[in-house]
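[1] this one's sequence-less:
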C-alpha cells in the first residue's frame, strides 16, 4: 500500500518564529504536542511524515524517526511551508488562531488541493474570533459566556475578563476588579481588538473531540489548572480524562457539530462549569495541549482515528480509562 505523505507544521516549533525570540514557555508546549503527534503517526505503518522544525530546537527533537526539515533563521517559513506541501499528500497545521495564522495556512492547503487534516478555513475564521464565536453560538442556542465588544462596553462594578478578540489561551487577557484597573488597562490597548466577559467562578474544563461534516465524537474531558498572577491566568497543567463519566458533555459536542459543520479532525472546546451550567468559552480548531495525554489516558491513537475520518468513522476502541497529568511548567513539559 502506498504511504500517505503528511507534512506536520506546528507553528511555534516549526519555524513560525524563526526571525524573532522563541519564548521558552511556548516552545515547551509546542514540543509537547508535536512529540505526541509524531509518536502517534510513527505507530501507523502507511504514513510517512515530514516535520518542519525551528533551527533552535534540533537537539530537543533529535529522537524522532520521521523526516525533519530544519527552518533556518534566514528562511521564510511560509515559503518553505508552501513548497513542502506540494510534495506531500496531506498537511497537518497546528497554529495560533491570532492574526489569522491558522486560517491562512488552512486556506493555502485548500487552494493546493491537498488533504487538510484540520477544520475548514471558514470554520477556523469563526472559531478564531471570540465575538463571532459568541454570536454564532447564541444563534444556535448553545450556552456560552456573555460577551460584549469592548468598544460597546460601559464599565459597571464587578469582576471582568478582558480578552483579545483573536487571542490564544490566556495571552494578553486580564482580570479586572475595579474602575481604576479598567481605566488603566483600556488606556493602553486598542479597544477595537478586545472583548469583555464577566469573570465567572467555576471549574475550568475542556473537551477533546473529533469532528466530521456535522458529526462529533468525544474522546475525553479534561480539567485545566491555572495560577492567577498579576491579574493574568497562567496554565500550569491539565488532567486529561479527569472523569470517566463524560455523558453530560455529549449533547454539547453534538450541538457544536450541527452548528459548525466545517469543524473537522481534532477540536478542543474550552468550558467553564458554574453549578449546573456548562458554558462554552472557546473553540480551538486544532490540536491542544490536552492531546498529549490522550494516548496514555485512553489508549487511543488519536492521529490514526483522525486519518480514519478520511474514509469513514474513527475507530475509538479505548484500551484504558484513567486520568493523566500533563504538566506545562518547569524546565520541560511532560506527561505523567
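    Noted; the coordinates are in hand. All of these numbers come straight from a predicted model, not from anything done at the bench. Numbering: from 1, shown residues only.

[2] For residue 321, pull up the helix or strand it's in.
    Taking DSSP states H and E as the definition, one finds residue 321 inside no helix or strand.

[3] Tell me which other helices or strands the strand or helix carrying residue 270 touches.
    According to DSSP H and E, residue 270 maps onto strand 265-274. Counting contacts by 3 or more Cβ pairs under 8 Å, 6 or more residues apart in numbering; DSSP states H and E, strand 265-274 is packed against strand 203-212, helix 247-259, strand 277-284, helix 302-308. Every residue, glycine included, has its C-beta placed from N, CA and C.

[4] The same query, at a cut-off of 10 Å, please.
    Using 3 or more Cβ pairs under 10 Å, 6 or more residues apart in numbering; DSSP states H and E, the elements in contact with strand 265-274 are strand 90-94, helix 121-128, strand 203-212, strand 215-229, helix 247-259, strand 277-284, helix 291-298, helix 302-308.

[5] show me where pLDDT drops low in this structure?
    For the chain, the stretches with pLDDT under 70 are 1, 168-171, 330-336.

[6] For the residue nearest to the spatial centre of it, which residues are in contact?
    With distances taken as Cα atoms, centre = their mean, the residue of the chain nearest its centroid is residue 288 (3.7 Å). Residue 288 is in contact with 29, 33, 94, 169, 206-208, 222, 224, 238, 266-270, 282, counting by Cβ atoms under 10 Å, 6 or more residues apart in numbering.

[7] so who does the closest residue to residue 186 other than its chain neighbours touch?
    Once flanking residues are discounted, residue 186 sits nearest to residue 150: 6.9 Å by Cβ to Cβ, 6 or more residues apart in numbering. Residue 150 makes contact with 131, 160, 162-165, 182, 185-186, 189-196, according to Cβ under 10 Å, 6+ apart.

[8] next one: residue 317
    Counting by Cβ under 10 Å, 6+ apart, residue 317 makes contact with 298-300, 305.

[9] switch the cut-off to 8 Å
    If you count contacts by Cβ atoms under 8 Å, 6 or more residues apart in numbering, residue 317 has them with residue 300.

[10] Stretch 230-243: which residues count as buried?
    Buried residues in stretch 230-243, counted by 16 or more other Cβ atoms under 10 Å: 233, 235, 237-243.

[11] Closest one of those to residue 82?
    residue 235 (31.9 Å; Cβ to Cβ).

[12] The closest one bridge partners, please.
    Note on residue 235: beta-bridge partners by DSSP bridges are residue 226.

[13] what's the spacing between it and residue 329?
    8 Å (Cβ to Cβ, to the nearest Å).

[14] Ok, residue 205 next?
    19 Å.

[15] the more surrounded of those two?
    With neighbours defined as other Cβ atoms under 10 Å, residue 205 and residue 329 compare such that residue 205 has more, 21 against 15.

[16] ok, so what distance separates that one from residue 71?
    Using Cβ to Cβ, residue 205 is found at 35 Å from residue 71.

[17] next one: residue 42
    Taking Cβ to Cβ as the criterion, residue 42 is separated from residue 71 by 21 Å.

[18] Between the two, which is the more surrounded one?
    Ranked by neighbour count (other Cβ under 10 Å), residue 42 and residue 71 place residue 71 first, with 23 against 15.

[19] which ones are touching that one?
    Neighbouring residues of residue 71 by Cβ under 8 Å, 6+ apart: 14-15, 18, 52-55, 77, 80.

[20] Name the member of these with the most neighbours.
    Sorting these by how many neighbours each has (other Cβ under 10 Å) puts residue 15 first, at 28 neighbours.

[21] Near residue 62, how many other residues are there?
    Around residue 62 there are 9 other residues, counting by other Cβ under 10 Å.

[22] do the same with residue 200
    16.

[23] Show the contacting residues for it.
    Taking Cβ under 8 Å, 6+ apart, we find residue 200 in contact with 145, 272, 274, 279.

[24] is the last one in a bridge, and if so with what?
    When you say that, I think you mean residue 279. Here residue 279, judged by DSSP bridges, has bridge partners residue 272.

[25] ok, the spatially closest residue to residue 117 that is not a sequence neighbour - contacts?
    Nearest residue to residue 117, sequence neighbours excluded (Cβ to Cβ, 6+ apart): residue 92, at 4.3 Å. Neighbouring residues of residue 92 by Cβ under 8 Å, 6+ apart: 6-9, 37, 117-118.

[26] Repeat that for residue 248.
    Applying Cβ under 8 Å, 6+ apart, we find residue 248 in contact with residue 278.

[27] just residue 174 next, same as before
    With contact set as Cβ under 8 Å, 6+ apart, residue 174 has these partners: 161-162, 181, 185, 231-232.

[28] Among these, name the ones in strands.
    Among the contacts of residue 174, the ones falling in strands (DSSP state E) are 161-162, 232.

[29] As CSV, those with distance to residue 212 would be great.
    Rendered in CSV, the data for the ones in strands among the contacts of residue 174 read as follows (distance: Cβ to Cβ, whole Å):
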residue, distance to residue 212
161, 32
162, 35
232, 36
